[in-house]
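> below are the sequence and a predicted model; questions follow.
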Amino acid sequence: MMNKEMARDYLERSLRCLEEASMALSKGDYAGTVRRSQEALELCLKSSLRAMGIEYPKEHDVSDVLEAEEHRLPGQMREALEEIKDLSRELASLRGPALYGYEREGIPASKAFKRDYASSVFEKVRRHVEAIRGLLAPVLYD
């Protein structure tokens, strides 16, 4: 079901998560950067699916839906689909560790991620969110 208001809300919250990820990175909170980057990507992808009227599971990773609906995606998203799917899967698997750390191993979230990794994740997510935002703006803000 297409609901512009919901899709706009998801996109706007995605952009706020991206800002928070940037702030976390600048403060050396690499776990926070990873967590907020994941949330930014998830909300952005769900915004795009919602804008296309595609239902998705209430899960953090929607890469399977993106793959199944590849033929409906705009060209720019199709071109980047493999990277988007891989990133979505990877970051969804890190949601818990980015918040709680690796409890069994006694590794707190603040020690679980390094700057290079967090920075790389943030830049990839930022690039995809900005590209998808550009694709969605004409549909959501007409």
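That came in fine, so what should we check first?
> burial count for residue 39?
By the criterion of other C-beta atoms under 10 Å, residue 39 has 22 neighbours. C-betas here are computed from N, CA, C, even on glycine.
> please read the previous query as pertaining to residue 69.
15.
> now the residue nearest to it when sequence neighbours are not counted, what's its secondary structure?
In space, residue 69 comes closest to residue 54 once its chain neighbours are excluded; the distance is 5.3 Å by C-beta to C-beta, 6 or more residues apart in numbering. Using DSSP: H, G, I helix; E, B strand; the rest coil, the secondary structure recorded for residue 54 is coil.
> and the longest helix along the chain, what does it pack onto?
Ordering each helix of the chain by length in residues (DSSP state H) puts helix 115-140 first. Packing contacts for helix 115-140, counted by 3 or more C-beta pairs under 8 Å, 6 or more residues apart in numbering; DSSP states H and E, involve helix 4-26, helix 30-51, helix 75-79, helix 81-93.
> again, 6 Å this time
If you count contacts as 3 or more C-beta pairs under 6 Å, 6 or more residues apart in numbering; DSSP states H and E, helix 115-140 packs onto helix 4-26, helix 30-51.
> beyond the shortest one, next helix or strand please.
Same thing as helix 30-51. helix 63-68 (DSSP states H and E).
> so for that following helix, what gets flagged as buried?
63, 65-66 (16 or more other C-beta atoms under 10 Å).
> for the residues you listed, give me CSV that also has distance to residue 32.
CSV is the format used below for the buried residues of helix 63-68 (distance: C-beta to C-beta, whole Å):
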residue, distance to residue 32
63, 23
65, 27
66, 26
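> which residues touch the most centrally placed residue in the chain?
When C-alpha atoms, centre = their mean is applied to the chain, the residue found nearest the centroid is residue 41 (1.0 Å). Neighbouring residues of residue 41 by C-beta atoms under 6 Å, 6 or more residues apart in numbering: residue 125.
> switch to 8 Å and redo it
By C-beta atoms under 8 Å, 6 or more residues apart in numbering, the residues touching residue 41 are 14, 84, 87-88, 91, 125, 128-129.
> who wins on neighbours among those residues?
Of the contacts of residue 41, with other C-beta under 10 Å as the count, residue 125 tops at 28 neighbours.
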